[in-house]
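Asker: Compute the structure for the input listed below.
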Amino acid sequence: MQEIRVRELLAIIQEEILTEDWQPSPRLLKARGEFVAEYDRFIWYVANKYRGLIDGRPIDVEDLYQVGVMSMLHAADIFAIERYEGARFISYFSRGVRGAMKRYIDKHGYNGVTLPVN
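Answerer: Numbers count the residues shown, from 1 in each chain. This is a model prediction of the structure:
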């Protein structure tokens, strides 16, 4: 995890520029890749919150990271900048990332106690 670059979060104008490229095109993949690169640190941060032994078995942080990235990409597909005027993308997808990670933990039986998703 030391190779993760320390970056500032995207500014609102940068998010707007990237969301303009979300039309089906080769630029879509580039825009999605930039979002993963920019919010990589946040997803690792959330995944590390669930690190450790639960119920005697370790949680694989890399699996939680993958679940978080998939959740973020799903949120990026349905995010409409005009609908959420003034809202940051990170505030839009962060709750979904946490919920997806909690569902992953619950589904794979890592926890004897039920975790609330929201």
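
Asker: tell me which residues of whichever strand or helix holds residue 73 are tucked away?
Answerer: Assigned by DSSP states H and E, residue 73 belongs to helix 61-78. Neighbour-count burial for helix 61-78, counted by 16 or more other Cβ atoms under 10 Å, picks out 61, 64, 65, 67, 68, 69, 71, 72, 75, 76. All C-beta atoms are positioned from the backbone trio N, CA, C, and that covers glycine.

Asker: Surely the last one touches residue 93?
Answerer: Yes: in this structure, residue 76 is within contact of residue 93 by Cβ atoms under 8 Å, at 7.3 Å.

Asker: quick one: residue 28 from residue 10, how far?
Answerer: 17 Å (Cβ to Cβ, to the nearest Å).

Asker: So for those two, which sits in the more crowded spot?
Answerer: residue 10 (18 against 14; other Cβ atoms under 10 Å).

Asker: Enumerate every residue touching the more buried one.
Answerer: The neighbourhood of residue 10, defined by Cβ atoms under 8 Å, 6 or more residues apart in numbering, consists of 18, 38, 89.

Asker: Once you drop chain neighbours, what's closest to the first one?
Answerer: Yep, that's residue 18 we're talking about. Leaving out its chain neighbours, the residue that sits closest to residue 18 by Cβ to Cβ, 6 or more residues apart in numbering is residue 31, at 4.8 Å.

Asker: is it true that the one you found touches residue 16?
Answerer: No: the criterion here is Cβ under 8 Å, and residue 31 misses it with residue 16 at 11.6 Å.
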